[in-house]
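Novice: below is the structure, and that's it, no one-letter string:
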């Protein structure tokens with residue numbers, strides 16, 4: 001994936017430097033910042049580089065004398081005529097934070113970044129559990145971690161697999177599940193808060209939304225909508241942790257992983273498992289998804305003779321011992337540090 005560039009160009013040097021300094025030091029947007037105080041410098045740069053977002057002064061844009069092929073152009077207006085309808089005009093002399101806020105409103109990638117930043121600042125922490133390797137105890141790990149965290153923190157578990165097997169494993173039929181949550185989210189969002197408590201079930205202290213039986217609705221939701229749903233759940237509830245049990249068979253996998261505070265990936269030692277992990281890591285690298293790689297903790301477990309068949313007893317046994325150590329070392333100690 002090519003480098004994403006945000007360029008600032010203004011003939012007023014002091015203003016340009018202040019704005020660039022604010023973006024670099026105060027705003028951790030996922031773009032490389034370039035600063036220009038002369039339009040000729042910008043013209044030369046454009047011949048060799050693709051700019052994704054351009055924040056340019058009103059006088060500088062007049063000096064350009066041509067419309068550059070840039071997806072998002074924001075003009076720092078000083079009260080002059082707005083000559084180009086495809087440009088976004090922003091009052092130049094206002095708080096830099098407000099300038100960035102207006103840019104966020106018009107750029108989808110910045111909206112995703114903005115949601116992620118606000119989520120990280122919020123009390124609720126999203127934990128992702130995902131592995132490209134099959135039959136690796138992913139769901140057992142996620143449920144065990146959820147039940148252990150739920151001893152001290154209000155925790156919600158969400159399974160987004162198409163075939164979770166929950167009803168069979170728990171020997172229960174759920175009258176409402178993720179399908180109902182998605183319906184109210186899409187069609188009656190004002191009623192979602194009331195319905196959430198009715199849909200949520202509990203196992204050994206861990207709240208969970210019963211997975212969809214057919215899996216069709218889960219597959220149809222985009223990554224952006226999943227992020228909106230998570231943001232809504234955080235707003236209408238008081239969960240401290242949300243654990244996402246993720247799968248390949250859904251849209252927006254990478255968007256959700258990027259949104260997570262921490263990601264746990266279960267690995268195995270056999271040839272196919274290692275080959276799948278290598279391919280997955282190459283995809284992350286090729287698509288510039290370094291944030292996902294940076295937040296990922298790989299877990300490799302020994303062979304367990306027996307795991308609890310009762311899902312309410314996941315906090316007992318050998319696997320629970322390993323997960324307790326991971327929680328203590330990777331969540332509690334690092335947060336305290």
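Specialist: Received the coordinates, thanks. Remember, predicted model here, so these are calculated numbers, not experimental data. Numbers count the residues shown, from 1 in each chain.

Novice: run through who's touching the longest helix along the chain.
Specialist: Criterion DSSP state H: the longest helix present in the chain is helix 271-286. Residues from elsewhere that reach helix 271-286 (CB atoms under 8 Å, 6 or more residues apart in numbering): 1, 131, 132, 133, 136, 265, 267, 268, 289, 290, 292, 293. (Each C-beta comes from the backbone N, C-alpha and C, glycine too.)

Novice: now name the helix or strand holding the residue lying closest to residue 182 once chain neighbours are set aside.
Specialist: Nearest non-adjacent residue to residue 182, counting by CB to CB, 6 or more residues apart in numbering: residue 217, 5.1 Å away. Residue 217 is part of helix 216-220 when elements are defined by DSSP states H and E.

Novice: now residue 323
Specialist: Going by DSSP H and E, residue 323 is in helix 318-326.

Novice: just give me how far that helix sits from the chain centre.
Specialist: Distance, stretch centre to chain centre, for helix 318-326: 26 Å (CA atoms, centre = their mean, to the nearest Å).

Novice: which other helices and strands contact it?
Specialist: Counting contacts by 3 or more CB pairs under 8 Å, 6 or more residues apart in numbering; DSSP states H and E, helix 318-326 packs against helix 138-149, strand 296-300.

Novice: reformat the ones you listed into CSV and put mean neighbour count and distance to residue 76 next to each item.
Specialist: Shown next, in CSV, are the helices and strands packed on helix 318-326 (neighbours: other CB atoms under 10 Å; distance: least, CB to CB, whole Å):
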stretch, mean neighbour count, distance to residue 76
helix 138-149, 24, 47
strand 296-300, 15, 39
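
Novice: now stretch 265-278: buried residues?
Specialist: 265, 266, 267, 268, 273, 276, 277 (16 or more other CB atoms under 10 Å).

Novice: try stretch 300-320
Specialist: Buried-residue list, stretch 300-320, by 16+ other CB under 10 Å: 301, 308, 311, 314, 315, 317, 319, 320.

Novice: where does the stretch 151-300 of the chain dip in pLDDT?
Specialist: For the stretch 151-300 of the chain, the stretches with pLDDT under 70 are 162-165, 167, 214-216.

Novice: so where do the strands sit in the stretch 51-200 of the chain?
Specialist: Secondary structure of the stretch 51-200 of the chain, counting by DSSP state E, counting those that start in this stretch: strands at 53-57, 72-77, 88-91, 125-129, 155-159.

Novice: those into CSV, with extra columns for distance to residue 42?
Specialist: Below are those laid out as CSV (distance: least, CB to CB, whole Å):
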stretch, distance to residue 42
strand 53-57, 8
strand 72-77, 12
strand 88-91, 18
strand 125-129, 39
strand 155-159, 46
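
Novice: mind putting these in a markdown table, mean neighbour count included?
Specialist: Putting the strands of the stretch 51-200 of the chain into a markdown table (neighbours: other CB atoms under 10 Å) gives the following:
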| stretch | mean neighbour count |
| --- | --- |
| strand 53-57 | 24 |
| strand 72-77 | 21 |
| strand 88-91 | 16 |
| strand 125-129 | 23 |
| strand 155-159 | 24 |
